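Participant: My questions are about this predicted structure, shown below with the sequence.
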Amino acid sequence: MPYDGETFLAGLAVYVVLRENDKFFALRRKNSSWKNGYYSLPAGRVEEKETFAEAAIREAYEESGVRIKPEDLRLYSVINRRKEKPDTDWLDMFFEATQWEGTPHIHEKDKFDHVGWFEKDQLNQLPLIENQLDGLSDIDKSGISYRFVDLTEVQVQNASYR
């Protein structure tokens, strides 16, 4: 549906956690219009007529070259971010891939310049995109966590659903 100037539209993003032996896969961004030099989970926007799971599978392949089946994805966290600028709310869907085919690597060489497997405490030391630390903090909780983050007031509301 085209934007009519009245209806509020939020951005939709997906993040895919690849975890192996308690280490997490992250890529360092380059040649981007946003957050160059920061590490990121495989992530991206949801495209038109795409489900969240389809977007997660596509982004994981595009960025890290791995193939994931829908049944191997676990949605574990939803974060609603309100940013400083008006009309910039985002809904972030965090998925954990329980298994995948292939070896994670830089698949989009023009967008990333380094990859690594990092322990959770190492990720806190990296320049990792901020909302991804929030999403990673929920990964070992049961059920699906929900969080509202109002960056205009630095307000956080948490909930957990089973």
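Facilitator: Okay, I see it. Numbering: from 1, shown residues only.

Participant: can you give me the strands for the chain?
Facilitator: Remark: strands assigned in the chain by DSSP state E are 11-20, 23-29, 39-40, 43-45, 73-82, 90-97, 112-119, 144-150, 155-161.

Participant: Can you mark which positions in the fifth one are buried?
Facilitator: Within strand 73-82, the residues that qualify as buried are 73, 76, 77, 78, 79, 81, 82, counting by 16 or more other CB atoms under 10 Å. Where C-beta positions appear, they are placed from N, C-alpha and C, glycine not excepted.

Participant: Likewise for the first one?
Facilitator: Of all the residues in strand 11-20, those buried under the rule 16+ other CB under 10 Å are 12, 13, 14, 15, 16, 17, 18.

Participant: from those residues, which is closest to residue 63?
Facilitator: residue 16 (8.5 Å; CB to CB).

Participant: Determine how far the last residue of stretch 14-27 lies from the first.
Facilitator: One end of stretch 14-27 to the other measures 15 Å (CA to CA, to the nearest Å).

Participant: What is the burial count for residue 48?
Facilitator: Residue 48 has 4 neighbours, counted by other CB atoms under 10 Å.

Participant: How about the contacts made by it?
Facilitator: If you count contacts by CB atoms under 8 Å, 6 or more residues apart in numbering, residue 48 has none.

Participant: Per-residue pLDDT of it, please?
Facilitator: The score at residue 48 is 94. That number is its pLDDT.

Participant: before we move on, the earlier item: would you tell me which one of the buried residues of strand 73-82 comes nearest to residue 33?
Facilitator: Nearest to residue 33 among these: residue 81, at 18.3 Å, using CB to CB.

Participant: low pLDDT regions in this structure?
Facilitator: 1-8, 84-87, 153-162 (pLDDT under 70).

Participant: picking up where we left off before, can you put the buried residues of strand 73-82 in TSV and add distance to residue 148?
Facilitator: Output for these, formatted as TSV (distance: CB to CB, whole Å):
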residue	distance to residue 148
73	23
76	17
77	12
78	10
79	8
81	8
82	8
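
Participant: What is the nearest of the residues you listed to residue 142?
Facilitator: residue 76 (9.0 Å).

Participant: I'd say the closest one and residue 92 touch.
Facilitator: No - taking contacts as CB atoms under 8 Å, residue 76 lies outside contact range of residue 92: 11.7 Å.

Participant: any idea how far residue 54 lies from residue 62?
Facilitator: With distances taken as CB to CB, to the nearest Å, residue 54 is found 12 Å from residue 62.
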